[in-house]
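Asker: I would like to see how this sequence folds:
(chains A and B)
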Amino acid sequence: MSSLKGAASAPFDPIYGAFTSPLSKNDGRLKIILVILWAILISALHGLIAAFGAFAGSLILITLSRWPLKNLIKRLYAVNFFMAFMWLMIPFSFSTPGEVIARLGPLAVTLEGVKLASLITLKANAIVISIIALLGTTPLHHLAAASREMHIPEKLVGVFLLAVRYFQVMHQEYLRLRRAMRARGFKFNLSSNALRGAANLVGSLVVRSFDRAERVHKAMLSRGYTGMVHVRSAFYLKPIDLVLALIILALAGLVGGLEWRL
Amino acid sequence: MHISEGVLSIPVLASGAVLTVAGVGLGLRRLNIDNLPKTAVMTAAFFTASFIRLQVGPSSVHLMLNGLIGIMMGWAAFPVILIGLLIQALLFQYGGIINLGVNTLNVALPAVLFGFIFRPMVMNPKTSVCSVGSFAVGFLSISLTALMVCAALLLTDPVSYKLAAMTILVAHVPVMFIEGVIALLCVRFVKKVKPELLRDALGPPKPTIEPNS
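Answerer: Numbering: from 1, shown residues only, chains lettered A, B, ... in the order given. Here you go, the predicted structure:
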């Protein structure tokens, strides 16, 4: 769970959206469809070789996107924190019985266990890397517009767009409130004082937001809000979209071949 | 704790997605032009509040607050939590896209369920009844979430994931008490400061502007 701490410094990473990657030019709708297909394929894999192929495929995609390596590694903390937790249990005979390949003191490491742990680690990283490569290179408002084009309910898209916007505002407010509490010597531990402080912090965030929401709503109404959230982005398929689709379908074909032939 | 990508099997992922689509569909029926901005701002608020972490021994836990969301939002908890988790997945790579259905269901279903069950107790003007109700909603929501995370892991692989599932459950026991106490204190705070928020957070806004006049 400490993973969020590392990520928390990068919520409004200027790289997100503002970053121009070769994949930024691709159609948002196509990228959503492709990333979902690719990730479903990876989720269905059982073979270690195919999972390795999928991981390599995702690395090709992230290379195409020219995502900075340092930032990529930072973004992979969360998923690998969960995987580290799984590695503490799955490889051993008490979790996965099978052929013993090594002993660590009283613990026996099984071949099946190591295989399973490697499989889920490869699959998880492959999916996350492909999400970064395809969706990370699409600004959030383009994703919203693209999902509306794909007949995702208007209300859901509207909530998404406004929530992204207000999350940025509120995160600043939260940091300010917390800084004020810290400055008064407040410690976030399990004392009754701290719990009350944390609850009041949650409460004031919610209450302030509620008041803010009323103001936002009035401001939106006065600007002619009718339930539609307008986003400026037009979608049309270009030759580079065909190239991207072909690359991913070829990779998917290779991975599928590895899974179901070998 | 959200389950990471690549761990669950396709049938588990698909069932989670189908149930979440149904829940979100029901939740969206509660949203209209007037409470949509409110829902969005509340989504952002709850998501921000989940950044608050408390030191527990050498480690720390972050708040989930799904009980509180259930009390305030009812079925709208589904879209609220779906969007919260989606933003988390896109900005922090925490959770995921393919398992968004399972993760949303795990957090939102307990919120809706216990929100409905304990709503009358939370609204009770008697402090003792309200305290018990709001502690229970926080405590039980996170408990059921932890159980559902375990169930998702066990349905995927009942042997290899067993220990991991049990560890997650045990690790959540202190979190259950923390969430219960936070929900209790939070309800008390909101009742004091802005009681109408608990009564009906998504209700009609004050008739300050008539859309067609």
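Asker: show me what contacts the residue nearest to the spatial centre of chain B?
Answerer: Compute the mean C-alpha point of chain B, and by CA atoms, centre = their mean the closest residue is B:Asn66, 2.5 Å away. Contacts for B:Asn66 (CB atoms under 8 Å, 6 or more residues apart in numbering or on different chains) come out as B:77, B:81, B:107-108, B:110-111, B:141-142, B:145. Every C-beta, even on glycine, is put in place using the N, C-alpha and C of the backbone.
Asker: what's the distance between A:Ser130 and A:Lys115?
Answerer: Using CB to CB, to the nearest Å, A:Ser130 is found at 22 Å from A:Lys115.
Asker: Between these two, which has more neighbouring residues?
Answerer: The neighbour count for A:Ser130 versus A:Lys115, taken as other CB atoms under 10 Å in any protein chain shown, is higher for A:Ser130 (29 against 16).
Asker: The host helix or strand of the more buried one close to chain B?
Answerer: Assigned by DSSP states H and E, A:Ser130 belongs to helix A:111-134. Yes. Using CB under 8 Å from any CB of the partner chain, helix A:111-134 reaches chain B at A:113, A:116, A:120-128, A:131-132.
Asker: what's the model's confidence in that helix, averaged?
Answerer: Mean per-residue pLDDT for helix A:111-134: 94.
Asker: Could you name the helices and strands sitting against whichever helix or strand comes after it?
Answerer: The C-terminal neighbour of helix A:111-134 among helices and strands, as given by DSSP H and E, is helix A:140-149. Where contact means 3 or more CB pairs under 8 Å, 6 or more residues apart in numbering or on different chains; DSSP states H and E, helix A:140-149 is packed against helix A:28-43, helix A:154-183.
Asker: in chain B, which spans are helices?
Answerer: Here chain B has its helices, by DSSP state H, at B:10-28, B:36-49, B:66-73, B:77-92, B:100-123, B:127-156, B:162-193, B:196-199.
Asker: In space, what's closest to A:Ala51 - neighbours in sequence excluded?
Answerer: A:Leu122 (4.1 Å; CB to CB, 6 or more residues apart in numbering or on different chains).
Asker: rewinding a little: tell me which of the helices of chain B sits most buried.
Answerer: helix B:66-73 (a mean of 30; mean count of other CB atoms under 10 Å in any protein chain shown).
Asker: what's near enough to touch the residue nearest to A:Ala51?
Answerer: Counted by CB under 8 Å, 6+ apart, A:Leu122 has contacts A:48, A:51-52, A:54-55, B:6.
Asker: rerun at 7 Å
Answerer: A:Leu122 makes contact with A:51-52, A:55, according to CB atoms under 7 Å, 6 or more residues apart in numbering or on different chains.
Asker: how about the helix or strand A:Trp260 falls within: buried residues?
Answerer: Under the criterion of DSSP H and E, A:Trp260 resides in helix A:239-261. For helix A:239-261, the neighbour count (16 or more other CB atoms under 10 Å in any protein chain shown) marks A:241, A:244-245, A:248, A:251-252, A:255-256, A:258-259 as buried.
Asker: Which one of these is nearest to chain B?
Answerer: Ranked by distance to chain B (CB to the nearest CB), these are led by A:Glu259 at 12.8 Å.
Asker: how much space between that closest one and A:Phe167?
Answerer: Taking CB to CB, one finds A:Glu259 at 38 Å from A:Phe167.
Asker: one step back: and the helices and strands packed on helix A:140-149, which is most packed in?
Answerer: helix A:28-43 (a mean of 21).
Asker: returning to what we had before: now cross-check the buried residues of helix A:239-261 against chain B and list the overlap.
Answerer: When contact is defined as CB under 7 Å from any CB of the partner chain, the buried residues of helix A:239-261 do not meet chain B at all.
Asker: pLDDT wise, what is the residue lying closest to A:Arg212 once chain neighbours are set aside at?
Answerer: Spatially, and ignoring its direct neighbours in sequence, A:Arg212 is nearest to B:Val41 (5.9 Å; CB to CB, 6+ apart). If you check B:Val41, the pLDDT there is 84.
Asker: can you check B:Gly133 too?
Answerer: Looking at B:Gly133, its pLDDT stands at 95.
Asker: looking at it, it is touching B:Val122, isn't it?
Answerer: Yes. Between B:Gly133 and B:Val122 there is a contact under CB atoms under 7 Å: 4.5 Å.
Asker: between the helix holding A:Ser130 and helix A:239-261, how many degrees?
Answerer: 170 degrees (axes from the mean of the first three to the mean of the last three CA atoms, to 10 degrees).
Asker: Buried residues, helix A:111-134. List them.
Answerer: Here helix A:111-134 shows A:112-134 as buried, counting by 16+ other CB under 10 Å.
Asker: what stretches of chain A score poorly on pLDDT?
Answerer: Along chain A, the model assigns pLDDT under 70 to residues A:1-19, A:229-234, A:262.
Asker: Domains in it, by residue range?
Answerer: A:3-138+A:234-261, A:147-222 (automatic domain parsing).
Asker: wait, which of those is closest to B:Ile71?
Answerer: Each of the domains of chain A has some distance to B:Ile71 by CB to CB; the shortest is domain A:147-222, at 11.2 Å.
Asker: could you measure the residue nearest to the centre of chain B against chain A, distance?
Answerer: 13 Å (CB to the nearest CB, to the nearest Å).
Asker: follow-up on the earlier one: wait, the residue nearest to A:Arg212 sits on A:Asp211?
Answerer: No. Counting by CB under 7 Å, B:Val41 stays clear of A:Asp211, with 9.4 Å between them.
Asker: A:Lys70 - how many residues pack around it?
Answerer: 8.
Asker: quick one: it is in a helix?
Answerer: Yes. Counting by DSSP: H, G, I helix; E, B strand; the rest coil, one finds A:Lys70 located in a helix.
Asker: I'd guessed A:Val23 sits against A:Leu135; true?
Answerer: Residue A:23: Leu, not Val. No. The criterion here is CB under 7 Å, and A:Leu23 misses it with A:Leu135 at 9.8 Å.
Asker: what do the two both touch?
Answerer: With the criterion set as CB under 7 Å, 6+ apart, the contacts of A:Leu23 and A:Leu135 do not overlap.
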